[in-house]
Every structure is written in C-alpha cells, then in structure tokens.
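> let me see the structure of the following:
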Amino acid sequence: MHNLFTILSQYVLPAVPVFAFLVILHEFGHFILAKAVGIRVDTFSIGFPPRLFGKKIGDTDYCVSAIPLGGYVKMAGMIDESMDKEGIKGEPDEFMSKPIWQRMLVIAAGPLFNILLTVLLISVIVFHQGIGQAVGPVIGNLMENSPAAQAGLLPEDRIVRIDGQPIQTWEELSATIHQAKETPLLVEWERGNELMQATITPQYDQVQGYAVIGIQAKTVIVPVGGLWLALKFGFVGTWENAVLIVRSFGQLITGKLAFRENIAGPVGIVRIIGETARMGFIPILSLTAIISLSLGLINLFPIPALDGGHLLLLLGEGIKGKPFSVKIRLVWQQVGMALLLALMLFVIYNDVAKLF
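This next block holds a predicted model:
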C-alpha cells in the first residue's frame, strides 16, 4: 500500500496535469479553428470512446472518455476517432462542406498549438533564468566513457590547440570537433600551469548529426535583455529541438537507433515527469515544452488516424479533385486506430519490461 501511494504521489499526480493540459490544448486548437470557419463541433473529448461522463453545452458535448491515450474533437460530417459515419448529411456547417484550405487549417491547428506552446515555454524559461554563455574553451562536464573522458580530460581543463591550430572560443572548439568525422585529433589542453595532450577520435552522434567527444562547456548565466529577445530564443530553441526530434525518429525508423531502448510510452513518460517534477518548477516546464513539441510533430506524421493522416487525405482530395468515398475514409481511420493501439500496447509493454 505504501509503494502504491508513493507511485501515485510521486509519479502519477505530477504527470496527470501535464498530459491533460497538453491534450486539452491540442484539441482546443482544432476546436477554435473549427468554430472560426463555421464547422459545428459535436464532441470535445478527453480520451477516446466509449464516453464516460460529460456535459453538453450548446451543440458540443464536453466529455471524458474511457481510453486515456489522448483526446479528440468530433466535428460534424467528419470521420475521425469516433468512427461515426451516420452524421454525414452534407449540411453547410459540416467539415466536408468547407473548402479544403479551411479543413487543412483546422486539422493543422492542433499540432500548431502544441508547437507554439513550446515556443512560449522556452521563452518564459529563458526570460526567467537567462541563458548559459560559454566561458571560453573550458570544459564544464564530461560524459562517462566518452572519448574525452577516456583521454583523461577533466572539468575546468582549457583546450588551447587542436592539431596545432589555436582555439580561442568554445564555438571554434565545437566546429573543429563536429567537422572531424571520426578522424583522430591531437588535442592540447591546460590544467593549471601544466600543458597536456592526447590523441582523441570523435564519435559520430546519429541524433545530433555530427561528431562529438563528449564534453560540455563551462557556462555562466547571463540575462537575455528583454521579452523580444527571449521570444527569439524561444523560436530558435523550438526549431533546434524539432530538428533533433525528427532526426531521432528518422534514426529509429531506419534502425540506426534501437527502437526498444530509445522509445518511451505512457509509463516511461510518467516516470520521467515524476523524476523531473522533484527537480523543481523550471525543469518540469522544460520537459513539458519538449513533450508538447513531440506531440505536435508526431501528430503531423502522415499516418492514418493522426492529424498528418487527415492532412494527407485532404492533399489527395485536392489532387484528385473530389473527396474520397465514406468507405475509404472509414477504412483509413480504422487501419490507423488499429496501428496506433498496437503501437501503444507495444510501448507500454516495453516500458513495463524496462522497469523490471
């Protein structure tokens, strides 16, 4: 009983508001754009059917459903997670009655809201605590068992030359290592009054997309100097993280990264949120930003049942010149839901297996 209480208090309780907020925000994006272009919204659901409880206000049933794997907005005349094909009557306020560009905006709004939240959260974090500025080519941290650690480098060491070329800044140091492409480098560094050297071979990082030796800069925190500059850092940080996320998924799909070791499902994410929450408010904000960005990007993948799958159908409709049949759209959605449920079962099993 004590262990159960610990799990609930330390892991589940911090994770629930994070998940709920991100799902509600995503669905609100669809909802508000649908309302803006005149599409009737029949259901705003947290979770997938069957419906558990809720309240109807106006045309919309705001409810909580049984399968806690996300949420959905049921728009009139659209085949989606509810698998409802009976409500398609061709009325003016139905999804299929609107121009393709309006329907694409409505579908894209959910992921866009998640991505914009990431920009906002990174901006707030940067404005609140400033940014780290490198103190010259001085090492702050090393990764365990990295090439740099194996060569004997330590925190506070100042790298002064690589292959005989003087190094003045951390940017010069990073550029030289990143471009090395697993070529041995003669690295010279200062430790106090002593000059040391070693030959270090960088390792190519599949996710980062360049060579590394496993070092991080020693930094000092400096203020950003205003809201607009913080917002700029928000956009830049979101873009950089988006590139890493997309590249990581590419590596998983091609098998360059092991799927089972590098993917986390709901159980794994709950554990990460719980551990991060104990580190403080700013770390949990940072993690929320990354989860929101991941949610937005994953939903744009052209997979049936995801927003990207809906966008792919609309693109096909535009090329074809007329809508796909109700039967094709229904089968497309059913296949997508089956794939997503199978994937979810696998990642949950994988999460539990990792725990033991």
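> any chance you could map the helices in the chain?
2-7, 13-36, 100-129, 147-151, 170-178, 227-254, 259-262, 266-277, 281-299, 307-320, 326-355 (DSSP state H).
> between the ones you listed, which one is closest to G136.
Closest of those to G136 is helix 170-178, at 6.6 Å (criterion: Cβ to Cβ). To be clear about C-beta, it is placed using only N, CA and C from the backbone, and glycine gets the same treatment.
> sorry, back to before: in JSON lines: the helices of the chain, plus mean pLDDT.
Below are the helices of the chain laid out as JSON lines (pLDDT from 0 to 100):
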{"stretch": "helix 2-7", "mean pLDDT": "56"}
{"stretch": "helix 13-36", "mean pLDDT": "88"}
{"stretch": "helix 100-129", "mean pLDDT": "94"}
{"stretch": "helix 147-151", "mean pLDDT": "91"}
{"stretch": "helix 170-178", "mean pLDDT": "90"}
{"stretch": "helix 227-254", "mean pLDDT": "89"}
{"stretch": "helix 259-262", "mean pLDDT": "69"}
{"stretch": "helix 266-277", "mean pLDDT": "78"}
{"stretch": "helix 281-299", "mean pLDDT": "91"}
{"stretch": "helix 307-320", "mean pLDDT": "89"}
{"stretch": "helix 326-355", "mean pLDDT": "78"}
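> closest to I215 out of the ones you listed?
The nearest among the helices of the chain, by Cβ to Cβ, is helix 147-151 at 4.8 Å.
> in the closest one, what counts as buried?
147-148, 151 (16 or more other Cβ atoms under 10 Å).
> closest one to R158 among the helices of the chain?
helix 170-178 (10.0 Å).
> now for the nearest residue to A149 once chain neighbours are set aside, how many residues are close by?
Once flanking residues are discounted, A149 sits nearest to L142: 4.7 Å by Cβ to Cβ, 6 or more residues apart in numbering. The number of residues packed near L142 is 20, by other Cβ atoms under 10 Å.
> let the chain start at 33 from now.
Okay, residue one is now 33; in that scheme the one you just asked about reads as L174.
> circling back to that earlier point, quick check, nearest of the buried residues of helix 179-183 to T150?
For the buried residues of helix 179-183, the nearest to T150 is A180 (31.0 Å; Cβ to Cβ).
> against T320, how distant is the spatially most central residue of the chain?
Residue closest to the average C-alpha location in the chain (Cα atoms, centre = their mean): S326, at 1.7 Å. Going from S326 to T320 by Cβ to Cβ, to the nearest Å gives 11 Å.
> one more: E307?
Taking Cβ to Cβ, one finds E307 at 14 Å from T320.
> who has more neighbours out of the two?
Neighbours were tallied for E307 and for T320 using other Cβ under 10 Å; the higher tally belongs to T320 (20 against 14).
> quick check: chain neighbours aside, which residue is closest to that one?
T320 sits nearest to V50 (Cβ to Cβ, 6+ apart), 5.5 Å away.
> can you count the residues close to that neighbour?
Using other Cβ under 10 Å: V50 sits among 20 other residues.
> what sits against it?
305, 316, 319-320, 323 (Cβ atoms under 8 Å, 6 or more residues apart in numbering).
> same question, L319
So L319 contacts 50, 304-305, 308 (Cβ under 8 Å, 6+ apart).
> so for the residue of the chain most remote from its centre, what's the pLDDT?
The centre of the chain is farthest from one residue, N225, which by Cα atoms, centre = their mean lies 44.9 Å away. The pLDDT attached to N225 in the predicted structure is 88.
> ok, back up a step: export the helices of the chain to TSV and tack on distance to V252?
As requested, those are exported to TSV (distance: least, Cβ to Cβ, whole Å):
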stretch	distance to V252
helix 34-39	38
helix 45-68	31
helix 132-161	12
helix 179-183	21
helix 202-210	12
helix 259-286	16
helix 291-294	33
helix 298-309	24
helix 313-331	17
helix 339-352	42
helix 358-387	37
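> wait, which of these is closest to T233?
Between T233 and those, the tightest spacing by Cβ to Cβ is seen for helix 179-183, at 6.0 Å.
> and V278, how far is that from A243?
20 Å.
> more neighbours: which of those two?
The neighbour comparison of V278 against A243 (other Cβ under 10 Å) goes to A243, with 20 against 14.
> wait, that one sits on D237?
Yes. Contact criterion Cβ atoms under 8 Å: A243 and D237 qualify, at 7.1 Å.
> can you put the contacts of L319 in CSV and add distance to Q366?
CSV is the format used below for the contacts of L319 (distance: Cβ to Cβ, whole Å):
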residue, distance to Q366
V50, 30
I304, 32
I305, 32
T308, 36
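> which one of the residues you listed sits in the busiest neighbourhood?
When neighbours are counted by other Cβ under 10 Å, I305 leads the contacts of L319 with 22 neighbours.
> give me the number of residues near the nearest residue to that one once chain neighbours are set aside?
In this structure, I305 finds its nearest non-sequential neighbour in A47, 4.3 Å apart by Cβ to Cβ, 6+ apart. A47 has 21 neighbours, counted by other Cβ under 10 Å.
> what does V268 give?
13.
> how near is it to I157?
Counting by Cβ to Cβ, the gap from V268 to I157 is 13 Å.
> and if you look at Q283?
Counting by Cβ to Cβ - Q283 and I157 are separated by 27 Å.
> can you give me the pLDDT of F333?
pLDDT, F333: 90.
> now it, nearest residue through space, not along the chain?
G340 (4.6 Å).
> you'd agree that neighbour is up against N331?
Yes. Applying Cβ under 8 Å as the test, G340 and N331 come out as touching, 6.4 Å apart.
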